[in-house]
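> Here is a sequence with its predicted model. Questions after.
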Amino acid sequence: MIYHLRHFFSVIIFNFLLMAIGHAQPEGLKLHFSVAMDDPAAQLFQVQMVCEGLDTGYTDLKIPVWMPGYYQVLNYPEKIQNFRVMEDNGQAIRWEKANRVTWRVYHGVETSLTVAYEVLADRPFVATNFLSEERAYLAPGGIFMHLAGKIDQPATITIIPNRDGEAVATGLETVDNNPLHFYAPDFDVLYDSPLLVGPLDTLPSFEVRGVPHRFVGYQLGDFDHQTFMDDLKQVVEAAVDMIGDIPFEAYTFIGIGPGAGGIEHLNSTMVSFSGSERLNTFEGRKGVLSFLGHEYFHHYNAKRIRPIELGPFDYDHGSRTNMLWVAEGITAYYDELLLRRAGLVAGEDIIKTFERTIRSVESSPGSRFQSVTQASFDTWSDGPFGRKNDELNKTVSYYEKGPILGLLLDLKIRQETSNKRSLDDVMRSLYFDIYKKEGRGYTEEEFRAICEKTAGVPLHEFFSYVYSVQPIDYAKYLGYAGLKIDLEPRIQPGAYLGIRVAEKEGKLIINQVEWNSPAWYEGLRRDQEIIGINGQPASAALLEEQLMNSSPGEILRFEMKLADGSTRMVPLLLEEKKEISFAIERVISPSAQQQAILDGWLGTNH
Ligand SMILES: [Zn+2]
């Protein structure tokens, strides 16, 4: 059955000040925001911030430079325009910029004032503000100013949609059930709660352990909504069954429209989503379900089970941590396993997935240069998905090596405990013993101590894989589960040069140069243009043909076009082309313990 539900809500806009008074707040300082969006063509949000109960003198108002979950400095402060401040009587008040993120307002004896500014909302992405005729997306870190040093301050928010009947989807709680009025107990919660405004679609919701899980979004698309949500429910149940606790009263998946990426929040996730008939087949749904499972699992691992550096956050500068290989990498490990535990994929699919991931990491030179802890710490400069230029060869992705480390750790714990304990126990211990009991994040030392306590043995070798680029002994770890891996380099037909190319506007451009390859040593680099190969006009097809029909020891001659327009002949001595398949298979006669570990890891009937 195909569902397409489009829900329009009729709402009456109350005066937000009256609403704020209706909500219990501590005496003293009060903050109320309203956000209007009445000129979508200009892509500007009009923000009004009413402050009451200020100390006399001056007040510093600040805006963050990043959104937790997206480890990049964003230009939120630069998007603020037309900042002004008024007393109650409408008189303008003097202010000045104190630094990039701080506006200093000199209000003297006045303790109430109204701040107004506009926010340019011109990028449709899960971490940035966007406004169009059809929808509005509010990345709260880029919208709502806080008072310096007062992140704990509550605030109320009124959203004024451009058109009557538009709905708001957010993780914030409403005030007096009014769907346009919201309450944030502090700015950590507010900055963790983006808002999507528009004519929103709703998919059939479900409950897990009595807790409602909803899916709301902009143009979710025509497909079999019920089957999709039935599958998603199984993924959510698998995650909940593993930890055994649901730390919120409701959860919302919020689809913000087409695009790429998602960001996790405490009781919601914002995801790029555009459904279509391709979701009517399981193969079409699989990647989306694992993506949604990833974001959902983050409400445990990243938001609550979190590196101690990731909350309280440094909104001024960003929060660096070595532990994104756990927050992201182990989440990526589980997003694969959750589909298996939900009974949606076969055990063999999981084995093949890890085979591909191992091949990808081991084939990337960056895994010989950078540890996952370095990659985590440096993500602020490298970007969450690694460097983009030639430095690509020197970075490893914690989204790829992280799940491999999750697999090794899981199998090692199962091996040392005769499959009585697993990585699941580590995650539960981090959740209950540190997050629930202590209300904080874990330190690197605590993470290791909990892993070693769960395994019952020191884990020197495992952590050397975490903190260094030491080659991984795959055969040993996979052997614990009765799996073997083919690590034999095999000579392939043709010859090896070590570049990838792409044709762009009739030019043959180098996309990537592998470190330590013949091309690398002759100085070929990304973005250079090849104009000739062995005296013929260069093309991707010609290069492929030449490499396939050449033998190691032969010379290929490139004519390169240099930046100054001149040309240069580059002789390239071709080498043997060797590849390792990293194919993973089950051993023919596993021991009882190997079988138990494989069954424990993949479930029975795999
Ligand atoms: Zn993630």
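Done, it's in. As the structure is a prediction and not an experimental result, all values here were calculated from the model. Numbering: from 1, shown residues only.

> Helix, strand, or coil at the closest residue to I584 other than its chain neighbours?
Counting by C-beta to C-beta, 6 or more residues apart in numbering, I584 lies nearest to E355, which is 4.7 Å off, once chain neighbours are set aside. Glycine gets a C-beta too; all of them are placed from N, C-alpha and C. For E355, the secondary-structure state derived from DSSP: H, G, I helix; E, B strand; the rest coil is helix.

> Pull the contacting residues for E355.
485, 582-584 (C-beta atoms under 8 Å, 6 or more residues apart in numbering).

> Tell me which other helices or strands the helix or strand containing P124 touches.
For P124, the host element (DSSP states H and E) is strand 122-125. Helices and strands touching strand 122-125, by 3 or more C-beta pairs under 8 Å, 6 or more residues apart in numbering; DSSP states H and E, are strand 128-131.

> Identify the residues contacting the strand it packs on?
Applying C-beta under 8 Å, 6+ apart, the set of residues contacting strand 128-131 is 37, 40, 43-45, 74, 79, 119-124, 136-139, 142-143.

> ok, how many other residues are close to the closest residue to L602 other than its chain neighbours?
Among residues not flanking L602 along the chain, G347 sits closest, at 3.7 Å (C-beta to C-beta, 6+ apart). Neighbour count of G347, defined by other C-beta atoms under 10 Å: 17.

> out of everything not next to it in sequence, what's closest to T170?
Distances taken as C-beta to C-beta, 6+ apart put L195 closest to T170, at 4.2 Å, once the chain neighbours are dropped.

> I'd assumed G142 was in contact with that neighbour.
No - in this structure, L195 is not within contact of G142 by C-beta atoms under 8 Å, at 11.8 Å.

> More neighbours: which of the two?
G142 (28 against 21).

> quick one, phi psi at the more buried one?
Main-chain dihedrals, G142, degrees, to the nearest 10: phi -90, psi 0.

> Pretty sure it sits against W66.
No - counting by C-beta under 8 Å, G142 does not reach W66; the two are 9.8 Å apart.

> what do the two both touch?
With C-beta under 8 Å, 6+ apart as the test, G142 and W66 both reach 74, 76.

> Just list the residues touching E522, thanks.
Applying C-beta under 8 Å, 6+ apart, the residues near E522 are 570-572.

> just those residues now: which is nearest G402?
Of all these, L572 has the smallest distance to G402: 35.6 Å, by C-beta to C-beta.

> Now name the helix or strand holding the closest one.
Applying DSSP H and E as the criterion places L572 in strand 567-573.

> quick one: strands adjacent to that strand?
strand 555-561 (antiparallel) (DSSP bridges).

> Show the contacting residues for the nearest residue to F182 once chain neighbours are set aside.
Using C-beta to C-beta, 6+ apart and skipping residues adjacent in sequence, the residue nearest F182 is L172, 4.0 Å away. By C-beta under 8 Å, 6+ apart, the residues touching L172 are 157, 182-184, 189-190, 193, 195.

> Keep only those of those that are in helices.
Counting by DSSP state H, the part of the contacts of L172 found in helices is 189-190.

> Which one (most neighbours) among the contacts of L172?
I157 (29 neighbours).

> correct me, but that one touches V47?
No - between I157 and V47 there is no contact under C-beta under 8 Å: 10.0 Å.

> and for the two, which residues touch both?
Common neighbours of I157 and V47 (C-beta under 8 Å, 6+ apart) are 33-35, 144.

> what ranges do the strands span in the stretch 151-300 of the chain?
Remark: strands assigned in the stretch 151-300 of the chain by DSSP state E, counting those that start in this stretch are 155-160, 167-170, 173-175, 178-184, 195-198, 200-208, 211-217, 251-255, 262-264, 268-271.

> Pairing partners for the first one, with directions?
Spelled out, that is strand 155-160. Per DSSP bridges, strand 155-160 is paired in its sheet with strand 30-36 (parallel), strand 178-184 (antiparallel).

> Just tell me which of the ones you listed ends up closest to K561.
Across the strands paired with strand 155-160, closest to K561 is strand 30-36 (C-beta to C-beta), at 51.3 Å.

> can you list the domains in this protein?
30-197, 199-289, 300-478, 490-579 (automatic domain parsing).

> quick one, which of these is nearest to W601?
domain 300-478 (6.6 Å).

> Let me see the mean pLDDT of the closest one.
What domain 300-478 shows for mean pLDDT is 93.

> Endpoint to endpoint, it covers what distance?
End-to-end distance for domain 300-478: 27 Å, by C-alpha to C-alpha, to the nearest Å.

> cool, stretch 500-512 as well?
Note: stretch 500-512 ends 5 Å apart using C-alpha to C-alpha.

> Please apply the same query to stretch 94-109.
Terminal residues of stretch 94-109 lie 13 Å apart, using C-alpha to C-alpha.

> from now on call the first residue 52
Yep, numbering from 52; the last one is stretch 145-160 now.

> if we can go back for a sec, next one: the residue nearest to F233, what pLDDT does it get?
So L223 comes in at 95 (pLDDT).

> Please tell me how far I211 sits from H232.
Distance, I211 to H232, by C-beta to C-beta, to the nearest Å: 11 Å.

> Between those two, which has more neighbouring residues?
H232 (27 against 17).

> And the pLDDT at that one?
pLDDT, H232: 97.

> Nearest spatial neighbour of it, chain-adjacent residues omitted?
Per C-beta to C-beta, 6+ apart, closest to H232 is V226, 4.1 Å.

> can I assume S323 is in contact with I307?
Yes - using C-beta under 8 Å, S323 is in contact with I307, at 6.3 Å.

> shared neighbours of the two, anything?
Contacts common to S323 and I307, judged by C-beta under 8 Å, 6+ apart, are V177.

> Looking at these two, which is more packed in?
Taking other C-beta under 10 Å, S323 and I307 do not tie; I307 has more neighbours (26 against 18).

> which residues does the more buried one contact?
Counted by C-beta under 8 Å, 6+ apart, I307 has contacts 175, 177, 186, 188, 247, 268-269, 321-324.

> For those residues, work out which two are farthest apart.
R186 and V322 (14.5 Å).

> List the buried residues in stretch 456-476.
Neighbour-count burial for stretch 456-476, counted by 16 or more other C-beta atoms under 10 Å, picks out 456-468, 470, 472-476.

> Check stretch 536-556 too.
So for stretch 536-556, counting by 16+ other C-beta under 10 Å, buried means 536, 545-550, 552.

> Kindly report the same for stretch 510-517.
Those would be 510, 513-514, 516-517, for stretch 510-517 by 16+ other C-beta under 10 Å.

> Alpha carbons of it, as CSV, please.
C-alpha atoms of stretch 510-517 as CSV (Å, rounded to 0.1, in the frame of the first residue of the first chain):
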residue,chain,number,x,y,z
LEU,A,510,44.8,-4.9,25.4
HIS,A,511,48.2,-3.5,24.4
GLU,A,512,48.1,-4.8,20.9
PHE,A,513,44.6,-3.6,20.2
PHE,A,514,45.4,-0.1,21.4
SER,A,515,48.6,0.0,19.4
TYR,A,516,46.3,-0.2,16.4
VAL,A,517,44.4,2.8,17.7
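
> which residues touch that stretch?
376, 422-424, 456, 459-460, 463, 499, 502-503, 521, 523-524.
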